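**Student:** here is my input, please return the structure:
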Amino acid sequence: MDQYQYIVKGGNSLSGEVEIAGAKNAALGILAASVMTGETVTVKNVPDVSDIRAILKTIRTIGARVERVDRHCYRINGSMINRKSTVDNDDVREIRGSYYLIGALLGRHRYAAVAQPGGCEIGKRPIDQHIKGFRALGADVSLVPPGMVVAEAEVLRGTHIYMDVVSVGATINIMLAAVLAAGQTIIENAAKEPHVVDVANFLNSMGANIKGAGTDSIRILGVDQLHGTEYSIIPDQIEAGTFMFAAAVTRGDVTLRNVIPRHLDSISAKLREIGCQIHESDDELRVVAARRLGSANVKTLPYPGFPTDMQPQIAVLLGLSSGISFIHESIFEHRFEYVKELTKMGAHITVVEDKTAIIEGVEKYTGAILISPDLRAGAALVIAALAAEGFSEVGEIHFIERGYEDFPEKLRRLGAEIDIVETEAEKRAFMRRVI
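**Tutor:** Numbers count the residues shown, from 1 in each chain. Sure thing, here's the model as predicted:
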C-alpha cells in the first residue's frame, strides 16, 4: 500500500483562479508519435504527472534522445531507435497509454514489440479493436508470453476500417500506423474526443495527411515520412472538469484558466441544469455555486456526451444535492468501485447491476478514512473530503498522481486545507495547524 496519503480538513468554499495543465491523454499519444521521425520534435504544455514521466522514460530506454527544456517542454529525437526494439519495463506495464507505441513503431519501422498495457481497474478494456485495425493494414499481430504484443509487416497498406465500438485508444493507435501506410485509410465509427483531434493535428504538423478528426469518419492519406515539428498540447478537459465539480461541491467560486470551453460543454450543461452559474470566455471558465444544488439524470457517453471520467465527480456532487438522482454508466462496468468509500462519509447511493447508481442526496458528508480505487475516483474522493465535516484521509494517492499535476497545491491556492503526509506525526502536525 502507498505510504503517502492526503489529509484533508473539509468545510472551506473554494475560490480564486486555477491554471489547467496540458491534457494527459493527448500527451500520451503525442509523445508516442514523436518517435515516428528521425528529426527533432519539440512538445510544449506537457503535464508533469506520473503517466507522462513513465512514457518519457520508456521512449528514452528504447533509444530516443529526450531533452527536458523545462517542466512542461521536451525535445525528442527518435533517430537512434533500433527497428527491433522491445518495449517492456515496469512503467510500460503500469500505464494504459503505452499501447500507442505499438502503432507508432509499427508505422515507422513496420515492427513493434510492446508489453500489454496496465492502467486503472475500471472495467474491461481489451485491445481487440487495435489489433483488428493493425491486421487490416496488413500487419501480423500476435500475443506472445509473457504479455507482449508483437506486430510486424513488410508493407502497410491503407484500407477501410469500421470500428465495432467507439474506442479512443484504438482510433489513435490505428491513426498512428496508418499515416505511414501506402494509400488511403478510412476509419469509420471513430472516436471524436478532443485528444483524438490533438494527436491528429500533431501528426499533421509533422507532415501527415489526416482529415475528419473530430468526426466519426477519419480519412488518412499515407505519406512516405514525417518530419520534426514544434507543438503545444491542448488543455486537459478532465482536470478542468474536476475543478469545476470541486467548485460546485464546496459551494465556491472558481475561475479556470487555460481551458477550451467547448470541450467542457456536456459538463457545463449538467452543472447549469442543477443550478450552477457558468460564465465562459475565450480561454477561461468560471463556476459559481452559492447554494445547495438540485438532482439530475446522467448517462455517460463517448464525446461529445458526458464523459465517463467525470462520472465519480458528479456522483459526489449529486450525493449532496437535493432530491434523487440517477447515473447510468455505459462505458466501464467497474466505475462504481468508489461508492463504498462515499458511503463511509454518509452518502446514500445504491448501485444496480454495476450499471446504474441511484443517489439520494444528503445534507452533508462526514470525514472518513478513504482509499482511492482508481485515478478519477481518487480525485472525486478528495473533492468529497473538501466538502465533508471534519478530517478525511485519502490513501493510494499514486492513482491520482497519474493524471493530476500539483493537485493538492492547486487546491490549497483555492483555499482548501489539504496536505500530503506519510507519518502519524505529520498527520497530527497538520491537524494542529488547521484547527
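**Student:** hey, let's count contacts and neighbours off CA atoms from now on
**Tutor:** Will do.
**Student:** can you give me the first-to-last residue distance of stretch 335-348?
**Tutor:** Using Cα to Cα, to the nearest Å, the end-to-end distance of stretch 335-348 comes to 17 Å.
**Student:** can you check stretch 198-214 too?
**Tutor:** 9 Å.
**Student:** can you give me the buried ones in that stretch?
**Tutor:** In terms of neighbour count (16 or more other Cα atoms under 10 Å), stretch 198-214 has its buried residues at 198-214.
**Student:** same check on stretch 212-225?
**Tutor:** By neighbour count on 16+ other Cα under 10 Å, the buried set for stretch 212-225 is 212-214, 217-223, 225.
**Student:** list the contacts of it.
**Tutor:** By Cα atoms under 8 Å, 6 or more residues apart in numbering, the residues outside stretch 212-225 that reach it are 37, 158, 175, 178-194, 196-197, 200, 207-211.
**Student:** any low-confidence regions in the stretch 1-150 of the chain?
**Tutor:** In the predicted model, the stretch 1-150 of the chain carries pLDDT under 70 at residues 1-2, 118-125.
**Student:** same thing but at 90, please
**Tutor:** Applying pLDDT under 90 to the stretch 1-150 of the chain flags residues 1-3, 82-85, 88-98, 115-127, 143-147.
**Student:** quick one, strands of it?
**Tutor:** Counting by DSSP state E, counting those that start in this stretch, residue ranges of the strands within the stretch 1-150 of the chain are 5-9, 15-19, 40-44, 65-70, 73-77, 86-87, 111-115, 140-144, 148-152.
**Student:** helices and strands around the first one, which ones?
**Tutor:** If contacts are counted by 3 or more Cα pairs under 8 Å, 6 or more residues apart in numbering; DSSP states H and E, strand 5-9 sits against helix 375-387, strand 391-395, strand 417-421, helix 424-434.
**Student:** how near is residue 133 to residue 232?
**Tutor:** Relative to residue 232, and taking Cα to Cα, residue 133 is found at 28 Å.
**Student:** between these two, which is the more surrounded one?
**Tutor:** residue 133 (25 against 16; other Cα atoms under 10 Å).
**Student:** thinking again about what came up before, which of the buried residues of stretch 212-225 sits closest to residue 263?
**Tutor:** Residue 263 has its nearest neighbour among the buried residues of stretch 212-225 in residue 214, at 11.4 Å by Cα to Cα.
**Student:** can you check the pLDDT for that closest one?
**Tutor:** In this model, residue 214 is scored at 98, pLDDT.
**Student:** end-to-end on stretch 408-422?
**Tutor:** Chord length of stretch 408-422, first to last residue, is 15 Å (Cα to Cα).
**Student:** show me what it is in contact with.
**Tutor:** Contacts of stretch 408-422 (Cα under 8 Å, 6+ apart): 3-10, 12-18, 254, 386, 427, 430, 434.
**Student:** quick one, which of these are buried?
**Tutor:** Buried subset of the contacts of stretch 408-422 (neighbour count, 16+ other Cα under 10 Å): 5-10, 12-15, 17-18, 254, 386, 427, 430.
**Student:** wait, which of those is closest to residue 396?
**Tutor:** residue 5 (6.6 Å).
**Student:** could you measure from the closest one over to residue 336?
**Tutor:** Per Cα to Cα, residue 5 is found 22 Å from residue 336.
**Student:** where exactly do the strands run in the stretch 201-350 of the chain?
**Tutor:** 210-211, 217-221, 229-232, 253-257, 277-280, 284-288, 297-299, 324-328, 348-352.
**Student:** so which elements touch the first one?
**Tutor:** So that's strand 210-211. Going by 3+ Cα pairs under 8 Å, 6+ apart, strand 210-211 lies up against helix 194-205, strand 217-221.
**Student:** can I get the ones you listed in TSV with distance to residue 53 and mean pLDDT?
**Tutor:** Formatted as TSV, the helices and strands packed on strand 210-211 follow (distance: least, Cα to Cα, whole Å; pLDDT from 0 to 100):
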stretch	distance to residue 53	mean pLDDT
helix 194-205	18	98
strand 217-221	30	98
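**Student:** can you put those in CSV and add distance to residue 342?
**Tutor:** CSV is the format used below for the helices and strands packed on strand 210-211 (distance: least, Cα to Cα, whole Å):
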stretch, distance to residue 342
helix 194-205, 30
strand 217-221, 40
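**Student:** what does stretch 336-347 rub up against?
**Tutor:** In contact with stretch 336-347 (Cα under 8 Å, 6+ apart) are residues 122, 312, 316, 319-320, 349, 351, 354, 357, 360-362, 364-368, 370-373, 377-378, 381, 384, 388.
**Student:** go with 7 Å
**Tutor:** Contact with stretch 336-347 is made by 319, 349, 354, 362, 365-368, 370, 373, 377, as judged by Cα atoms under 7 Å, 6 or more residues apart in numbering.
**Student:** make a markdown table out of the residues you listed and add pLDDT, neighbour count and secondary structure.
**Tutor:** Formatted as a markdown table, the contacts of stretch 336-347 follow (pLDDT from 0 to 100; neighbours: other Cα atoms under 10 Å; DSSP: H, G, I helix; E, B strand; the rest coil):
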| residue | pLDDT | neighbour count | secondary structure |
| --- | --- | --- | --- |
| 319 | 98 | 28 | coil |
| 349 | 98 | 21 | strand |
| 354 | 87 | 16 | coil |
| 362 | 98 | 16 | coil |
| 365 | 98 | 24 | coil |
| 366 | 98 | 19 | strand |
| 367 | 98 | 23 | coil |
| 368 | 98 | 21 | coil |
| 370 | 98 | 23 | strand |
| 373 | 95 | 23 | coil |
| 377 | 97 | 28 | helix |
